[in-house]
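Student: A predicted structure for the sequence below; I have some questions about it.
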Amino acid sequence: MADIFADGFCETPYWWDLAPLEENDEPTPASKADVVIVGSGNVGLSAALSLARLDRKVVVLDAQEIGHGASTRNAGYLGRGLGFKYSDLAAKLGREDAAKLASVAVAAHDYTAALIRTEQITCAYRDTGRFIAAPSKKAYDKLSKDLDLMRHDGVPIDAEMIPRERQHEEIASDIYHGGQLLRGNGIMHPGLMHRGLVERARSQGADVIGFCPVTSVDRHSGGFTVTTPKGKIETRDVFIATNGYTPKAFPWQRRRVVPASAFMIATETLSPELMAKVLPGGRPLLENRNTPLWIRPNEDGTRILFGGTTGEDLGSLTAKAHHLYSEMTRVVPALDGVKLTHCWTGKVAMSFDFLPHTGTHDGMHYAMGWCATGIPMGTYLGHQTALRITGDPASVTALDDRPFPTWPFYYGDPWFMRWAVWWLQYQDRQMMKD
Ligand SMILES: Cc1cc2nc3c(=O)[nH]c(=O)nc-3n(C[C@H](O)[C@H](O)[C@H](O)COP(=O)(O)OP(=O)(O)OC[C@H]3O[C@@H](n4cnc5c(N)ncnc54)[C@H](O)[C@@H]3O)c2cc1C
């Protein structure tokens, strides 16, 4: 087999080259706070920033390095939709409810894009639009019908269908049957975005502390006692923002989110000619199927980043890199022969109804189950949770306190993942039959 690895190939996120995680030299948290936030991803930090601005004493704790979770490992797509296809959502919940939820996703995008701008977070954010590639004629027709339905239901969406004859304007590939160009979507560098949030939250007075796992939380009349190996913290409120990394200390939440590993590779620096050939519009691509592949340019348009195979276990990351490489060159044959510099993984959290969830349980706030839309949805709902904690009625969204389902005999270790992935792939294969 050809050597696909560049010298210095590493199994850490490409993003960490430019935005390395902080070293392990962390202070001890104060013994009193207004709000303790568990998890230092974008969700926890977004909430911390808003709470600190409202003069709350906030402590954000992470079990590992600050930003250890998916927030510094993702693909950097800032979308304006839910994980669900709109027509499926409408069939399940009715069109009125579907339109309300879809509008939360639009608000989430707009909030996050505005936050990046107003906070001047330098994270190479670009409003590129997104190409949603249809793997079959059936998938293309479904995308087109979804678009009509969303327009009819008043969901703010700016998109156009790109027929197969024009898809080379988007991607150097013949395997798709056209797709949809969805405007008002962007990409950014997730490591720099996360770092920007840490800096802004700290500058407003929030404490953000790594290597300080919350091991238990006890409720009492005045609030909560949060226990960590570095001491106890008395606090009025607790916000659990651990998503795909939710620990056993929060069994109710852990039973309701399904962690799934997602994987990515980065190529070496490519020539401007090859980059222009592969992604002529400089736009990220996401496949329109249950188990999608995705491909995007890096922050300065000099490399290709490629991902997918969520939930599939192929053993080592080296084996995964080989698998993703063969998928990448199947999609874009022009990339055959390029070398890889990085392969990495992180955990997304699915929910049993494929919707994000936010609310309170046992007096503690939570927001999770992003179904791979956590950059916009999580950043926005982190902020909305901050508003809820301060009693602001503007905190309410159509996603608040919806029933958060679980399964019998599920305690947080997804023993059914192999079958779930098989079932999703089976549905994808049905969709491929024209
Ligand atoms: C490869 C990949 C690609 C993705 N691409 C996209 C994308 O393009 N667009 C998009 O919107 N979403 C994407 N996602 C999903 C997105 O990254 C997540 O939805 C989002 O980052 C979740 O943020 P969070 O703050 O909720 O959780 P995380 O960022 O995962 O943070 C949770 C944190 O909780 C901490 N924690 C766990 N237990 C404890 C404890 N006991 N005490 C203290 N801390 C604890 C963990 O250490 C972790 O740091 C992707 C994810 C992956 C893995």
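Tutor: Now that the structure is in, tell me what you want to look at.
Student: Does anything pack onto the lengthiest helix in the chain? Which helices or strands?
Tutor: Longest helix of the chain, by residue count under DSSP state H: helix 95-118. In terms of contacts (3 or more CB pairs under 8 Å, 6 or more residues apart in numbering; DSSP states H and E), helix 95-118 is packed against strand 77-78, helix 86-93, helix 137-152, helix 374-389. The C-beta positions use only the backbone N, C-alpha and C, and glycine is treated the same way.
Student: Can you tell me the closest non-neighbouring residue to Pro405?
Tutor: Among residues not flanking Pro405 along the chain, Phe352 sits closest, at 4.4 Å (CB to CB, 6 or more residues apart in numbering).
Student: isn't the one you found right up against Val258?
Tutor: Yes: using CB atoms under 8 Å, Phe352 is in contact with Val258, at 7.2 Å.
Student: More neighbours: which of these two?
Tutor: For Phe352 versus Val258, neighbours defined as other CB atoms under 10 Å are more numerous around Val258 (25 against 16).
Student: Now the longest helix of the chain - C-alpha only, CSV.
Tutor: Only the C-alpha atoms of helix 95-118 are listed here, as CSV (Å, rounded to 0.1, in the frame of the first residue of the first chain):
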residue,chain,number,x,y,z
ARG,A,95,-45.2,21.6,10.2
GLU,A,96,-45.9,24.3,12.7
ASP,A,97,-43.6,22.8,15.3
ALA,A,98,-41.0,21.9,12.7
ALA,A,99,-40.9,25.5,11.4
LYS,A,100,-40.5,26.8,15.0
LEU,A,101,-37.5,24.4,15.6
ALA,A,102,-36.0,25.3,12.3
SER,A,103,-36.2,28.9,13.2
VAL,A,104,-34.2,28.3,16.4
ALA,A,105,-31.4,26.9,14.2
VAL,A,106,-31.5,30.0,12.1
ALA,A,107,-31.4,32.2,15.2
ALA,A,108,-28.5,30.0,16.5
HIS,A,109,-26.5,30.7,13.3
ASP,A,110,-27.2,34.4,13.4
TYR,A,111,-26.3,34.7,17.1
THR,A,112,-23.0,32.8,16.7
ALA,A,113,-21.9,34.7,13.5
ALA,A,114,-22.8,38.0,15.3
LEU,A,115,-20.9,36.9,18.4
ILE,A,116,-17.7,36.2,16.3
ARG,A,117,-18.0,39.7,14.7
THR,A,118,-18.9,41.7,17.8
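Student: how about low-confidence regions in the stretch 151-300 of the chain?
Tutor: Residues of the stretch 151-300 of the chain meeting the criterion pLDDT under 70: none.
Student: Local confidence estimate at the closest residue to Ala386 other than its chain neighbours?
Tutor: In space, and not counting its chain neighbours, Ala386 is closest to Ser50: 3.7 Å by CB to CB, 6+ apart. If you check Ser50, the pLDDT there is 98.
Student: Contacts for the helix or strand containing Ser50, please.
Tutor: For Ser50, the host element (DSSP states H and E) is helix 42-53. Residues from elsewhere that reach helix 42-53, judged by CB atoms under 8 Å, 6 or more residues apart in numbering: 34-35, 37-38, 58, 60, 62, 71, 115, 119, 193-194, 197-198, 200-201, 204-206, 208, 239, 241, 243, 367-368, 374-375, 378-383, 385-387, 389-390.
Student: For the stretch 301-434 of the chain, just list every one of the helices.
Tutor: Under the criterion DSSP state H, counting those that start in this stretch, the stretch 301-434 of the chain contains helices at 317-331, 374-389, 417-432.
Student: now these as TSV including distance to the ligand and mean pLDDT?
Tutor: Shown next, in TSV, are the helices of the stretch 301-434 of the chain (distance: least, CB to the nearest ligand atom, whole Å; pLDDT from 0 to 100):
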stretch	distance to the ligand	mean pLDDT
helix 317-331	11	95
helix 374-389	2	97
helix 417-432	15	87
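Student: Quick check: which of those helices is nearest to Cys343?
Tutor: helix 317-331 (3.8 Å; CB to CB).
Student: Okay, buried residues for the closest one please.
Tutor: Of all the residues in helix 317-331, those buried under the rule 16 or more other CB atoms under 10 Å are Leu317, Lys320, Ala321, His322, His323, Leu324, Tyr325, Glu327, Met328, Thr329, Val331.
Student: Whatever helix or strand comes next after the helix holding Ser50 and the ligand, any residue contact?
Tutor: On the C-terminal side of helix 42-53, the nearest following helix or strand under DSSP H and E is strand 58-61. Yes: with CB under 6 Å from any ligand atom as the criterion, the ligand is reached by strand 58-61 at Leu61.
Student: Any idea how many residues pack against the closest residue to the ligand within the stretch 101-250 of the chain?
Tutor: For the stretch 101-250 of the chain and the ligand, the shortest gap (CB to the nearest ligand atom) falls at Asn243, measuring 3.4 Å. By other CB under 10 Å, 28 other residues sit near Asn243.
Student: Could you pull up the residues touching it?
Tutor: Per CB under 8 Å, 6+ apart, neighbours of Asn243: 39, 41, 43, 69-70, 257, 347-349, 368-370, 374, 378.
Student: Which parts of the stretch 151-300 of the chain are helices?
Tutor: Under DSSP H, counting those that start in this stretch, the stretch 151-300 of the chain gives helices at 190-203, 251-254, 272-278.
Student: May I ask you to confirm that Gly39 is in contact with Ile240?
Tutor: Yes: using CB under 8 Å, Gly39 is in contact with Ile240, at 7.1 Å.
Student: so what's the nearest residue to Gly196 once chain neighbours are set aside scoring on pLDDT?
Tutor: Excluding the flanking residues, the one nearest Gly196 by CB to CB, 6+ apart is Ile121, at 3.2 Å. Listed pLDDT for Ile121 reads 97.
Student: Might you enumerate the residues of the stretch 1-150 of the chain proximal to the ligand?
Tutor: 38-44, 61-64, 68-71, 73-77.
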